[in-house]
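Enquirer: coordinates for the following, if possible.
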Amino acid sequence: MSREPAVGPAEAELIGARRAKLDALRSRGEDPFAQTKFERSASLAEVRDRFGSLPAGEHSGASVDVAGRLGTLRRMGKKAAFSDLTDQSGRLQLYFQGSELGGALSQLELLDRGDVLGISGEPFATKTGELTVGVKRAVVLCKALRPLPEKWHGLTDIEERYRKRYVDLIVNRPVLETMLLRSRIIAEIRRYLDERKYVEVETPTLLTIAGGANARPFVTHSHALDIPLQLRIATELNLKRLIVGGMEKVYEIGRTFRNEGIDRTHNPEFTMLELYEAFTDVEGMMGLAENVVMHAASVAGVRDAHGFDGEKIRFQRPFARVSYLDAMKQYGDLPRETVLDFERARAAAARLKIDLHGHDSHAHVIDKLFEVVAEPNLTDPTFVVDHPVVVSPLAKRKRDDPELVERFELFIAHMEIANAFSELNDPDDQRRRFQAQVGDRARGDFEAPEPDWDFVQALEYGMPPTGGIGIGIDRLVMILASQESLRDVLLFPLQRPQ
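Expert: Model prediction:
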């Protein structure tokens, strides 16, 4: 049973003092929680843009109405005080003076750090040149009943920061800036695609069969239909059904769910851009990927050499390109015949002390080999092309080499950022590959998805040649915002209950 967390004696005393101030405000007819709105004339950033060039000591003669959260009051004797006000757009200094506030100066005694205020006043520049609003009227719009921490950082507080993200956003301005950057990047990617006539769609999150990737799904149950359901592990199969149906350029930006481990580059729910375009191929997707990544980088202010995780990443066109098998040979001395043979690949993994299980499929073994020998060498944006068909059940075979497929993965900072193919549209080949996955599941590989036979039927109606791509938004933002963990770019990362 869920219970309200206990409050320690010290915090209880502080909360009691704030509640006493709330009672005093109410006794004056100024109940903060009775306020319904406050008409702002500008955000704090707009005030700064308009009046930021005032010379030191000069008053604007104008009046502004702003609102935000109050910082610590810094008293200058009994009749004046400075503080800061913050809103989403930024911070601005406030100046409270008795001659301006009159009898309302006593209201300062009832204010606390964290209170939400509406302020009317005149912008001016102090003698040191700092833009300030001289307060003529202050309205308490919300009383903060819990005190904000003075310091909210460091490893000792990291779990509490994620758990109480609302406090983290208030106290740590860089966290708020990262989250706002994330939203700008997603909005600009969406705008970029919309301008090029891609159509945004929404596909189901609850599915009877979660396909389109090798991953263990989350399982739930519909009481209304009395059937088991799975949360989607990809949007791929439904988006390709839309290509069959005649929608030629479709995309979805949405949450995807995989019942996997949690670490700095993995979270069980994450945001993916998946996009499919008829009458193009993997080369078309490669150009799109480069354009989307460089556009997102420009939104983040990233130019050329970018610092991330102690390394310099060069965002330069064209991105490097290396074949999958060449990377295995170059970085791991693993020749083609070793990679493409199941027993040889397992033996190579054993030599490298890669932890495997008896039920692991050939695809799983190859993925682990690539992760260990190649990924540590992929720092700058690099397209890894021409993957083995065994690890690519939904991609079209290369015409000159049927053991490989027309596929690339884009790596940046040793992480997979994008995955794209020339989509398989041969229903008979797709059926055979699904049947192979049935064998993998029978041998205990629970990341091998259940086959979606309806998708095979959809292909039998005819899907034109198609290029498709998935881009991991969280990892891309993580790199562009120079954050150490995916959890630092997620507003509410999954946490173990406290």
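Enquirer: pretty sure Thr466 sits against Lys240.
Expert: Yes. Counting by Cβ atoms under 8 Å, Thr466 touches Lys240, with 6.9 Å between them. From N, CA and C alone the C-beta is placed, and that goes for glycine too.
Enquirer: between those two, which contacts overlap?
Expert: Common neighbours of Thr466 and Lys240 (criterion: Cβ atoms under 8 Å, 6 or more residues apart in numbering): Tyr276, Glu423.
Enquirer: and the residue nearest to Asp309 when sequence neighbours are not counted, how many neighbours?
Expert: Leaving out its chain neighbours, the residue that sits closest to Asp309 by Cβ to Cβ, 6 or more residues apart in numbering is Ala413, at 6.3 Å. Using other Cβ atoms under 10 Å, Ala413 has 19 neighbouring residues.
Enquirer: ok, now Gly246?
Expert: Neighbours of Gly246 using other Cβ under 10 Å come to 8.
Enquirer: going forward, count from 318.
Expert: OK, 318 is where the count begins now, so the last one is Gly563.
Enquirer: pLDDT score assigned to Glu477?
Expert: Note for Glu477: predicted pLDDT of 85.
Enquirer: over to Asp658?
Expert: Asp658 is given a pLDDT of 97.
Enquirer: repeat that for Thr696.
Expert: pLDDT for Thr696: 97.
Enquirer: which intervals of the stretch 368-517 of the chain have sub-threshold pLDDT?
Expert: 416-423, 468-474 (pLDDT under 70).
Enquirer: strands of that one, residue ranges please.
Expert: 381-387, 391-392, 397-404, 407-414, 433-442, 448-459, 516-517 (DSSP state E, counting those that start in this stretch).
Enquirer: can I get those in TSV with mean neighbour count?
Expert: Formatted as TSV, the strands of the stretch 368-517 of the chain follow (neighbours: other Cβ atoms under 10 Å):
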stretch	mean neighbour count
strand 381-387	20
strand 391-392	12
strand 397-404	19
strand 407-414	19
strand 433-442	20
strand 448-459	19
strand 516-517	13
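Enquirer: need these in CSV (columns: distance to Leu651).
Expert: As requested, the strands of the stretch 368-517 of the chain are exported to CSV (distance: least, Cβ to Cβ, whole Å):
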stretch, distance to Leu651
strand 381-387, 57
strand 391-392, 64
strand 397-404, 54
strand 407-414, 53
strand 433-442, 60
strand 448-459, 61
strand 516-517, 41
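Enquirer: of those strands, which is nearest Val682?
Expert: strand 516-517 (37.6 Å; Cβ to Cβ).
Enquirer: what about the helix or strand following that closest one, average pLDDT?
Expert: Later in the chain than strand 516-517, the nearest helix or strand by DSSP states H and E is strand 523-524. When pLDDT is averaged along strand 523-524, the result is 96.
Enquirer: residues in contact with the residue nearest to Asp626?
Expert: Phe625, Asp626, Glu628, Ile630, Thr696, Ile796.
Enquirer: now swap in Val599 and tell me
Expert: Counted by Cβ under 8 Å, 6+ apart, Val599 has contacts Val702, Glu723, Arg724, Phe725, Ala737, Phe738, Ser739, Gly784.
Enquirer: now that we have these, which one has the most neighbours?
Expert: Phe725 (29 neighbours).
Enquirer: and it, bridged to which residues?
Expert: Val702, Ala737 (DSSP bridges).
Enquirer: any of the contacts of Ala730 buried? List them.
Expert: Neighbour-count burial (16 or more other Cβ atoms under 10 Å) is assigned, among those, to Phe625, Ile630, Thr696, Ile796.
Enquirer: same list, these, but as TSV with distance to Phe687 and secondary structure please.
Expert: TSV is the format used below for the buried ones among the contacts of Ala730 (distance: Cβ to Cβ, whole Å; DSSP: H, G, I helix; E, B strand; the rest coil):
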residue	distance to Phe687	secondary structure
Phe625	21	strand
Ile630	20	strand
Thr696	16	coil
Ile796	20	helix
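Enquirer: per-domain residue ranges of this structure.
Expert: The chain breaks down by automatic domain parsing into domains covering 331-465, 484-636+697-806.
Enquirer: winner for burial among those domains?
Expert: domain 484-636+697-806 (a mean of 18; mean count of other Cβ atoms under 10 Å).
Enquirer: show me the contact partners of the helix or strand where Val567 lies.
Expert: Per DSSP H and E: Val567 is located in strand 566-574. Identification of contacts with strand 566-574 by Cβ under 8 Å, 6+ apart yields 503, 506-507, 510, 513-520, 522, 534-535, 548-552, 556, 559-560, 585-595, 790.
Enquirer: check stretch 535-542 too.
Expert: Outside stretch 535-542, the residues that touch it by Cβ under 8 Å, 6+ apart are Leu523, Ile544, Pro545, Leu546, Gln547, Leu548, Phe574, Arg575, Asn576, Pro585.
Enquirer: in strands, which of those residues appear?
Expert: Leu523, Ile544, Pro545, Leu546, Gln547, Leu548, Phe574 (DSSP state E).
Enquirer: and these, which two are the farthest apart?
Expert: Ile544 and Phe574 (18.0 Å).
Enquirer: now do the same end-to-end measure for stretch 648-668.
Expert: The straight-line separation of the ends of stretch 648-668 (Cα to Cα, to the nearest Å) is 15 Å.
Enquirer: show me what that stretch is in contact with.
Expert: Contacts for stretch 648-668 (Cβ under 8 Å, 6+ apart): 642, 645-646, 669, 673, 679, 682-683, 685-686, 689-691, 693-694, 705, 707, 720.
Enquirer: those residues, buried ones only, as a ChimeraX selection?
Expert: Here is the ChimeraX selection string for the buried members of the contacts of stretch 648-668, based on 16+ other Cβ under 10 Å:
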select :642,645,646,679,682,683,685,686,689,690,691,705,707
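Enquirer: tell me which of the contacts of stretch 648-668 fall in helices.
Expert: Leu642, Met645, Lys646, His679, Val682, Ile683, Lys685, Leu686, Val689, Val690 (DSSP state H).
Enquirer: contacting residues for the fifth one?
Expert: This means Val682. Neighbour list for Val682: Phe659, Ala662, Arg663, Ala666, Leu673 [criterion: Cβ under 8 Å, 6+ apart].
Enquirer: and what of the first one?
Expert: Each residue near Leu642 by Cβ under 8 Å, 6+ apart is listed here: Arg653, Val656, Asp703, Pro705, Leu721.
Enquirer: can you check the third one too?
Expert: Contact analysis of Lys646 by Cβ under 8 Å, 6+ apart lists Pro652, Arg653.
Enquirer: now swap in the fourth one and tell me
Expert: The contact partners of His679, by Cβ under 8 Å, 6+ apart, come to Phe659, Ala662, Val707.
Enquirer: widest-spaced pair of the ones in helices among the contacts of stretch 648-668?
Expert: Maximum distance among the ones in helices among the contacts of stretch 648-668 (Cβ to Cβ): 18.2 Å, for Lys646 and His679.
Enquirer: how far does stretch 394-404 sit from the chain's center?
Expert: Centre-to-centre, stretch 394-404 and its host chain are 36 Å apart (Cα atoms, centre = their mean, to the nearest Å).
Enquirer: can you tell me what sits against that stretch?
Expert: Taking Cβ under 8 Å, 6+ apart as the rule, stretch 394-404 contacts 360-361, 383-393, 408-416, 422, 425, 434, 436, 449-450, 490.
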